[in-house]
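> Turn this into a model:
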Amino acid sequence: MEITAKEIAAFRTKTGLPMMEVKAALIEADGNEEKAIEILRKKGLAKSEKRADRATANGLIDSYVHAGRIGVLTEVLCETDFVAKNDDFKNFAHEISLQIVATAPKYLKSDEIPLEEIEAEKKIYQELVKESGKPENIISKIVDGKVETYFAQVCLLNQAYFRDPKMTVSDLLNEFTAKTGEKIVISRFVRFDLAC
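Numbering: from 1, shown residues only. Below is the predicted model of the structure:
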């Protein structure tokens, strides 16, 4: 299938990625944009892994207050001052703040959860599953699935992105990392809630 320059330009505008990467993904996906986006996401993830050792000495702190009752400060880091001052970077940081307001994560990622908390959750799930009468040989699989669901509730990077539940915040981060070509890190956040 031949991909036209017009299709490549439109898809490039949509994704914000370099022309050659967009063209290659469209060709590999036989012109199917959804498949091409999936290909680009996978490549973006591979590229972000290569960037893992790079220093992130720049960035910004985004703040958001919702209805005077919930406030969030989010620190997002990148490699260069050029990217940190970019409107796309500022918008990305703000989207993360909005996510935190909307979903109230307790942790950034699952390895920050204290082991005691994970063990307590597992114990609760094991008791519930045993009470439901499930066979012994599948209890551990069910419990593992429930623990993953728990991570998706309390860990920012594991959560479904509030604007597109088909992707996680981690997917969003990888996509943005691929778009900027730099290592991007959501380093920390704090959420204040008057209702709590």
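
> Just say helix, strand or coil for E75.
At E75, secondary structure determined by DSSP: H, G, I helix; E, B strand; the rest coil is strand.

> What separation do you get for it and Q159?
Computed with C-beta to C-beta, to the nearest Å, the distance linking E75 and Q159 is 18 Å. Just so you know, the C-beta spots here come from the backbone N, C-alpha and C atoms, and that holds for glycine as well.

> Settle it for me: which of the two has more neighbours?
Per other C-beta atoms under 10 Å, whichever of E75 and Q159 has more neighbours is Q159, with 22 against 16.

> The more buried one contacts P105, correct?
Yes: using C-beta atoms under 8 Å, Q159 and P105 qualify as a contacting pair, with a distance of 6.1 Å.

> contacting residues around the closest residue to E28 other than its chain neighbours?
Once its chain neighbours are removed from consideration, E28 has its nearest residue in I39; the separation is 5.6 Å (C-beta to C-beta, 6 or more residues apart in numbering). The neighbours of I39, taking C-beta atoms under 8 Å, 6 or more residues apart in numbering as the test, are 25, 28-29.

> Tell me how many other residues crowd A84.
For A84, the neighbour count with other C-beta under 10 Å is 19.

> That one contacts T56, doesn't it?
No: taking contacts as C-beta under 8 Å, A84 lies outside contact range of T56: 9.7 Å.

> anything in contact with each of those two?
C78.

> Would you point out the helix or strand in this structure whose mean pLDDT is lowest?
In the chain, no helix or strand scores lower on mean pLDDT, DSSP states H and E than helix 33-50, which sits at a mean of 72.

> number of nearby residues for P135?
Other residues lying near P135 total 7 when counted by other C-beta under 10 Å.

> where's P165, which helix or strand?
With elements taken from DSSP states H and E, the one containing P165 is strand 164-168.
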